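>>> sequence plus predicted model, see below.
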Amino acid sequence: MTTERRPISGGSVGEADLRSARDTTWTGARAKRSETPLAQAIHRLRKSTTALIGAGIVVALVLVAIFADALAPQSPTTSDQMQTFQRPSRDHVLGTDQLGRDMLSRIIHGSRISLAVGVSSVLLALFVGVPFGMIAGFYGGRTDTVIMRIMDLILAFPIYLLAIILMVMFTPTAGLIGTMKVTGAIAIVRIPIYARLVRGSVLSIKEKEFIEACRALGVRDWSILFRHVLPNCLAPIIVTTTLGIATSIIVEATLSFLGLGTQPPTPSWGWDLKANIAFIQANAWLSLFPGLAIFVTVLGFNLFGDGLRDALDPRLK
Amino acid sequence: MRTYILRRLIQIVPTVLGITFIVFLMMRSVPGDPVVSLLGDAYTEEDAIKARAEYGLTKPIVVQYFIWLGKLLRGDWGASILSGRPVLQDVLIRLPVTLELIVLSMGVALVIAIPAAIIGALRQNTWADYTATSIAMVGVSIPEFFIGVLLLLVFSIGLGGFLPSSGWIYLPGTCPTMVCGSSIWGNVTHVMMPAFALGVGRAALLTRLLRASMLEVIRTEYVTTARAKGLAERPVVFKHALKTALLPTVTVMGLQVGFLIGGAIVVETLFAMPGLGTFGIDAIISRDYQQVQGFALITALAFVVINLLVDLTYTFLDPRIRYG
């Protein structure tokens, strides 16, 4: 969390003035070093321990997902009837499940689904939601009303309910197609979040003088939108995206847990957790590891997202 | 105030209609229909056509929706296609279970979040604050079902069946059918783990939010004034600061109700509870159209009514807010 630089005590007016004067010199000193806002943000980000831990977890997970084939000791889908319910040992570091599949390999491969769905659903929502939000905010009037009412309607749904019905509509399947269906369902649920966020930013930015100047110079609408308005609402978009990946990973795991995510044999943490609950009495570790994997992944994105928020826009807190 | 409530109640209508209509459209576009599972092994194309006609499934979707709506206005929620049971009856039987779960989990959330947020805000950047914020960070990162599994491992399996892992026992006097177990202690032991599993995530979220708004409020001048006039710290925090800081928290709590209804689906599935969540997911998966409509309706109603209540609590928390 950032410490606020607002005067803490009620204090006299003079004291408050002094503080703001000091603040001005501080920004002045910064400006002299001619740091771009981006460089300042990176500087702040690197000072935050939690953000670095988060970034570390995220990078490690991405590497695990990319090199899953090389890292996993065995195939995540090959079953061995002679080796069912093995406790963690040298051969199977995290033990084996009811089909004798190596848990460690399943967890390593499961990272692919979690990350792929988490990241791509958020990006998909971003690419649809941001333009809608920009158009709604920039043009206002009837366009705004129509777009935002549709978004409000989607938002009025409890997200799990909508995601569940969408998945039943798409009929869950295995493999790449199955993953794409889950991605689509989660993306639809998240579109309004971006539309609302961007619309709000655009509403305030479009009143600024530099936009008026652009208009006066005869710059085209789309050019104003993408070259002048969009860059000014990037900070909240980036923060929402990072934290959104965390939420999407939870939603994906929850859908899988309910049996509506990517179907087996594709390894998925949520599904593994659910499948192993039946054997929780005797083989507690089986449910523990997939759950821990989900937790650590979500924690990584949350920590990194929090750090990003503090670094990019301290006012957002 | 009365006109405001009336206006809000009227605004509820289009939202509920919108949600139920979309659910209607979506369910009808799901591949497969309930007739297939209704007829089961005895399925013949002829019987299926007859059954579809009988349930009005051959009419255009919009017409079907208005038939459903027309019946609803007369208080008829329809009957399940698969079991033939009236939907309203099933919803009413299951509602108390989910209501108890959601109310208690919100209680769990508040009991954890308010003290944690106050300690975090008043002792900002001390070990107490760091502990509170770190635990909150962990809390927002754990999915409900994993907390549920951890609780199961500790209290049901670890402590030799101290708490039951599944099922439900009703509070005395609330038993909706002729036969069901009811006892206070039994109810408490059955609801504890689910309520905690559902509440912890909300607690973490509220802690983060309330801490942030407390930090803002305790720096305002009226709090300084309250302290300057010699008021003890306790009334300053609870009477002056907390009430204001609760405003944004209450808004989020209202919005979280939608999330809690979804969370109830997950937690009820995990703990095999006979609530609305399991009712809804079973209905959706078996494509029992009438039951799904009933579930969507009760969910939408709960969501809008609770958010109306949230808006009304504003007047209590901040007397400057008046609804004309």
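Thanks, I have the structure now. Numbers count the residues shown, from 1 in each chain, chains lettered A, B, ... in the order given.

>>> low-confidence stretches in the stretch 1-150 of chain A?
Screening the stretch 1-150 of chain A residue by residue with the criterion pLDDT under 70, one finds the ranges A:1-34.

>>> now do the helices in it.
With helices called from DSSP state H, counting those that start in this stretch, the stretch 1-150 of chain A shows them at A:13-32, A:37-47, A:49-66, A:68-71, A:103-139, A:141-156.

>>> flag every residue of the stretch 201-317 of chain A that's near chain B.
Those residues of the stretch 201-317 of chain A that sit near chain B, judged by C-beta under 8 Å from any C-beta of the partner chain, are A:246, A:250, A:253-254, A:257-258, A:273-274, A:277, A:280-281, A:284, A:287-288, A:291, A:294-295, A:298-299, A:302-303, A:306, A:317. Just so you know, the C-beta spots here come from the backbone N, C-alpha and C atoms, and that holds for glycine as well.

>>> now, of the residues you listed, which are buried?
Neighbour-count burial (16 or more other C-beta atoms under 10 Å in any protein chain shown) is assigned, among those, to A:246, A:250, A:253-254, A:257-258, A:273-274, A:277, A:280, A:284, A:287-288, A:291, A:294-295, A:298-299, A:302-303, A:306.

>>> stretch B:138-152: which residues count as buried?
Applying a neighbour-count criterion of 16+ other C-beta under 10 Å, one finds B:139-152 buried in stretch B:138-152.

>>> now stretch B:244-257
Those would be B:244, B:245, B:246, B:249, B:250, B:251, B:253, B:254, B:256, B:257, for stretch B:244-257 by 16+ other C-beta under 10 Å.

>>> right, is the helix or strand hosting the fifth one up against chain A?
I take that to be residue B:250. Residue B:250 is located in helix B:242-270, with elements delineated by DSSP states H and E. Yes. Remark: helix B:242-270 sits within contact range of chain A at B:258, B:259, B:261, B:262, B:263, B:265, B:266, B:269, B:270, by C-beta under 8 Å from any C-beta.

>>> I figured the second one hits residue A:161, correct?
When you say that, I think you mean residue B:259. No. Between residue B:259 and residue A:161 no contact is recorded; they are 10.2 Å apart, counting by C-beta atoms under 8 Å.

>>> quick one: residue B:34 from residue B:280, how far?
Residue B:34 sits 15 Å away from residue B:280, going by C-beta to C-beta, to the nearest Å.

>>> between these two, which has more neighbouring residues?
When residue B:34 is set against residue B:280 and neighbours are counted by other C-beta atoms under 10 Å in any protein chain shown, the residue ahead is residue B:280, at 29 against 23.

>>> tell me which residues in the helix or strand hosting that one are buried?
Residue B:280 is located in helix B:276-285, with elements delineated by DSSP H and E. Under the neighbour-count criterion of 16+ other C-beta under 10 Å, helix B:276-285 has B:276, B:277, B:278, B:279, B:280, B:281, B:283, B:284 buried.

>>> which helices and strands does it pack with?
Under the contact criterion of 3 or more C-beta pairs under 8 Å, 6 or more residues apart in numbering or on different chains; DSSP states H and E, helix B:276-285 touches helix A:159-170, helix B:87-122, helix B:242-270, helix B:289-317.

>>> change it to 10 Å
helix A:159-170, helix B:2-28, helix B:87-122, helix B:242-270, helix B:289-317 (3 or more C-beta pairs under 10 Å, 6 or more residues apart in numbering or on different chains; DSSP states H and E).

>>> for the record, mean pLDDT for the helix holding residue B:250?
Per-residue pLDDT values over helix B:242-270 give a mean of 84.

>>> can the worst-scoring helix or strand of chain B on mean pLDDT be found next to chain A?
One helix or strand of chain B scores below all others by mean pLDDT, DSSP states H and E: helix B:34-39, with a mean of 76. No. In this structure, helix B:34-39 remains apart from chain A according to C-beta under 10 Å from any C-beta of the partner chain; the gap is never smaller than 12.6 Å.
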